[in-house]
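**Q** A predicted structure for the sequence below; I have some questions about it.
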Amino acid sequence: MSTSSLTKRQWLACPAPAKLNLFLHITGRREDGYHLLQSVFQLIDRCDTLDFQVRDDGHIQRMNHIDGVPEPTDLVIRAARLLQSHSKSTYGADIYLHKNLPMGGGVGGGSSDAATTLMALNHLWQCGLDQAQLMQLGLQLGADVPFFIFGQNAFVEGIGEQLQAITTPVKWFVVIEPGVHVPTPTIFSAKELTRDTKPVRITDFSNAAKVEWKNDLQAVACALHSEIANAINWLKQYEINQGDAKMTGSGSCVFCAFPNEDAAKKVLQQVPHHWTSWIAKALQQHPIIL
Ligand code: C5P
């Protein structure tokens, strides 16, 4: 982000991009209940947008109401308050959240909103935290938040906090929202969840055959919501490599990769109208550069 100083009355508009999990393996469980995972997190060009304006009085508020995101639990407000208390800033902020990403969709919308809030207010309030400090703060808000502050496509381990930048091919994705809201804790706590997938190493990516590009959370989500299974099965008829069509995160969105925009658009046109669907392009990095 540029360090040009903004006057307090200006609004700063910032994107919060979504992610897709190109695979997601559960390799174990920590004593605190959090799961150890391995995944490739891919940034895409579908975004929420947040507008920030600095206040002198320390007050932090969201300016627009969004159904399903009550202010006390809103990750944007929690992120702003966390940064304010951590940095002992006396500033506050008015914040608009323009929600474009589905909630409970597995595309990281809430986490990305929180990451963008930390990055934007760190700049506007001149807190001076570096990327590593912001990532550490972000982890208190959710396991996916550090990835969005890291800002590059990544091989992710631990509970989501161990990140290694990885180059992914530029691809286009068709994403389907099956119309169900999947609470992440419900999926992770399911008895039937496979928790012992054999770990892969980052060097295995040079040999595609060594990595199974599956999502271990998918079977549980499909068993709870048949619409997710229906959307995956629909997309499977267009997959180029077997297993390309899959769920992202803990669901409910499902996606399939295509080599170019035309191929993705052709499939998008065929998606049954009872599902919301869109195409997205792989991003190489987060639009906000720290
Ligand atoms: O960290 P986040 O708030 O996104 O996680 C929501 C819930 O998902 C956690 O409370 C936990 O139940 C589950 N989870 C997990 N292992 C992870 C990430 C999330 O068990 N690595």
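**A** Perfect, thanks for sending it. Numbers count the residues shown, from 1 in each chain.
**Q** Quick check: longest strand in this protein by residues?
**A** Ranked by number of residues, the top strand in the chain under DSSP state E is strand 35-55.
**Q** Check the average confidence over it, would you?
**A** For strand 35-55, mean pLDDT rounds to 97.
**Q** name the helices or strands packed onto that strand?
**A** With contacts taken as 3 or more C-beta pairs under 8 Å, 6 or more residues apart in numbering; DSSP states H and E, strand 35-55 sits against strand 12-29, strand 92-98, helix 109-124, strand 154-157, strand 276-281. (Glycine included, C-beta is placed from N, CA and C.)
**Q** What is the burial count for the nearest residue to residue 274 once chain neighbours are set aside?
**A** Sequence neighbours aside, residue 179 is the residue nearest to residue 274 in space, at 7.5 Å (criterion: C-beta to C-beta, 6 or more residues apart in numbering). For residue 179, the neighbour count with other C-beta atoms under 10 Å is 14.
**Q** any idea how far residue 73 is from residue 79?
**A** 12 Å (C-beta to C-beta, to the nearest Å).
**Q** Those two: which has the busier surroundings?
**A** When neighbours are counted by other C-beta under 10 Å, residue 79 comes out ahead of the other of residue 73 and residue 79, with 30 against 9.
**Q** On the three-state scheme, that one is what?
**A** Recorded secondary structure, residue 79: helix (DSSP: H, G, I helix; E, B strand; the rest coil).
**Q** which residues touch it?
**A** Residues in contact with residue 79 (C-beta atoms under 8 Å, 6 or more residues apart in numbering) are 113, 114, 115, 117, 118, 121, 138, 141, 145.
**Q** can you check residue 216 too?
**A** Applying C-beta under 8 Å, 6+ apart, the residues near residue 216 are 24, 25, 26, 193, 194, 195, 197.
**Q** wait, which of those residues is closest to residue 10?
**A** residue 24 (39.7 Å; C-beta to C-beta).
**Q** one step back: which one, of the helices and strands packed on strand 35-55, ends up nearest to residue 49?
**A** When the helices and strands packed on strand 35-55 are compared by C-beta to C-beta, strand 92-98 sits nearest residue 49, at 4.3 Å.
**Q** That closest one pairs with which strands?
**A** strand 35-55 (antiparallel), strand 60-62 (parallel) (DSSP bridges).
**Q** closest to residue 159 out of the ones you listed?
**A** Across the strands paired with strand 92-98, residue 159 has its closest neighbour in strand 35-55 (6.6 Å, C-beta to C-beta).
**Q** Could you list the contact residues of the protein toward the ligand?
**A** 34, 35, 37, 142, 143, 144, 159, 160, 184, 185, 188 (C-beta under 6 Å from any ligand atom).
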